[in-house]
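# Give me a model of this one.
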Amino acid sequence: MEIIFVTASMTGGGTERVISLLANRFVQEHHQVSIFMTAGDEVAYTLREEIGLFSAGGQSGGSLRKRLERIKKMRDYFRNRPHAVICGMGVETNLFTVLAAWGLKNRVVISERNDPNQCGYKRLRNFFYNRADVLVCQTEEARRCFPGRAGKRAVVIPNPLAPELVGPFHGERRREIVTAGRLTFQKNHALLLESFALFHRKYADYSLVIYGKGELEDELRKKAAELGIADYVSFPGFTANLPEKIRDASIYVLSSDYEGISNSLAEAMAVGLPVISTDCPIGGSKMCIRDGQNGLLVPVGDAQRLASAMERLAGDPAYAAGLGREAEQIRERYSLESIGHLWMKCLKG
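Numbers count the residues shown, from 1 in each chain. Predicted coordinates:
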């Protein structure tokens, strides 16, 4: 098969991570794979040299002219590859993909990568989504958000874990709480800072490390200072080898207001980390975590409940270790082999 993944860029992020894993695997299976980037050419993940890379240019900045030029480049690229299956990843990218492929012979698969309820133009989105051959959602809860043709053609495929993922850690853990994700409002790192400040009153020897980059970094640093915890919080930026960095930490926390399936949460579980997550829409955390068995779920936006969960794990290392051992089982559930098989079945139709 010939497969074209379409994405804004390949900068660090969950969607880009999934594309890199699938693209590398499909090339190993002797498929022809390319990645079409609509708004940049930066690549943060390691890709096999057989994978073709094409960039339609930089960000449009809202310019209609640049967007039309982008769509034309996409359409020309697709038209020259009539037998390729096109796979759009992300809401805006999906819209551009469907429009650019309109009337062409290509099979078009699109993938919803976040909470569909957060989209500010649902009618327009659904109009285009209904014209794709298949819609891939990460959770059943997300699939139910789509009416009509798109919902009937939708399939649920979770995110895969990298096969080369470092093994689980068993031993004495660093007194460190970690998280990873873009520094945006969606991830609600401000909530995590508030919870950590409450937690730190009792467990003053712990630190907090927030991996990722984004527009809120300065604001979050300021908030840490206002809470009196600046000396115990660090922002090392994006890292492509997150599991190796965090595997011997004490606790992984996901504080998002909404989320698809968090790659960093799944990777933390796979390396045996005790995890805490908000029970956020669109159900990805609940798919990964069985509350009290392989991790803890807390209500969205509740700083006190999140702090109490952190205290529970810090105060009972044996219980935390048990959660971590159970969490490791996610490796089998979300292996690249099994998830890749589901994607290939979807792409073939």
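
# which SSE is residue 218 in?
helix 217-226 (DSSP states H and E).

# Now do the contacts for the closest residue to residue 290 other than its chain neighbours.
Excluding its sequence neighbours, the residue lying closest to residue 290 (Cβ to Cβ, 6 or more residues apart in numbering) is residue 326, at 7.9 Å. Where C-beta positions appear, they are placed from N, C-alpha and C, glycine not excepted. Remark: with contacts taken as Cβ atoms under 8 Å, 6 or more residues apart in numbering, residue 326 is in contact with 290, 293-294.

# leaving aside the residues next to it on the chain, what's closest to residue 305?
Nearest to residue 305 is residue 298, by Cβ to Cβ, 6+ apart, at 4.5 Å.

# ok, the one you found - contacts?
276-279, 305-306, 309.

# Repeat that for residue 130.
Residue 130 touches 148-150, counting by Cβ under 8 Å, 6+ apart.

# The closest residue to it other than its chain neighbours: what secondary structure?
In space, residue 130 comes closest to residue 149 once its chain neighbours are excluded; the distance is 4.2 Å by Cβ to Cβ, 6+ apart. With DSSP: H, G, I helix; E, B strand; the rest coil as the basis, residue 149 sits in helix.

# neighbours around residue 316, how many?
Using other Cβ atoms under 10 Å, the number of residues around residue 316 comes to 13.

# repeat for residue 179
27.

# Next, it: phi, psi?
With angles defined as degrees, to the nearest 10, residue 179 sits at phi -150, psi 170.

# what pairs with it across the strands?
In this entry, residue 179 is beta-bridged to residue 210, by DSSP bridges.

# and the residue found closest to residue 203 once you drop the neighbours it is linked to in the chain, how far is that from residue 173?
Once flanking residues are discounted, residue 203 sits nearest to residue 314: 5.1 Å by Cβ to Cβ, 6+ apart. Look at residue 314 and residue 173: by Cβ to Cβ, to the nearest Å, they are 10 Å apart.

# tell me, what's touching these two both at once?
Contacts common to residue 314 and residue 173, judged by Cβ under 8 Å, 6+ apart, are residue 250.

# does residue 4 count as helix, strand or coil?
strand.

# Low-confidence ranges, the chain, go.
When the per-residue scores of the chain are filtered using pLDDT under 70, no range remains.

# Could you rerun that using 90?
Where the chain drops to pLDDT under 90, the residues are 11-14, 40-42, 57-67, 147-148, 240-241, 349.

# Touching, residue 178 and residue 246? I think so.
Yes. Under the criterion of Cβ atoms under 8 Å, residue 178 is in contact with residue 246, at a separation of 4.6 Å.

# element containing the residue nearest to residue 203, please.
helix 303-315.

# Quick check: what element follows that helix along the chain?
helix 317-327.

# list the buried ones in that next one?
320-321, 323-324, 326-327 (16 or more other Cβ atoms under 10 Å).

# any idea which of those residues is closest to residue 138?
residue 327 (18.8 Å; Cβ to Cβ).

# Pull the number of nearby residues for the nearest residue to that closest one once chain neighbours are set aside.
Excluding the flanking residues, the one nearest residue 327 by Cβ to Cβ, 6+ apart is residue 269, at 3.7 Å. Residue 269 is flanked by 30 other residues according to other Cβ under 10 Å.

# Of residue 178 and residue 246, which one has the most company?
Neighbour count, other Cβ under 10 Å: between residue 178 and residue 246, residue 246 has more, with 26 against 22.
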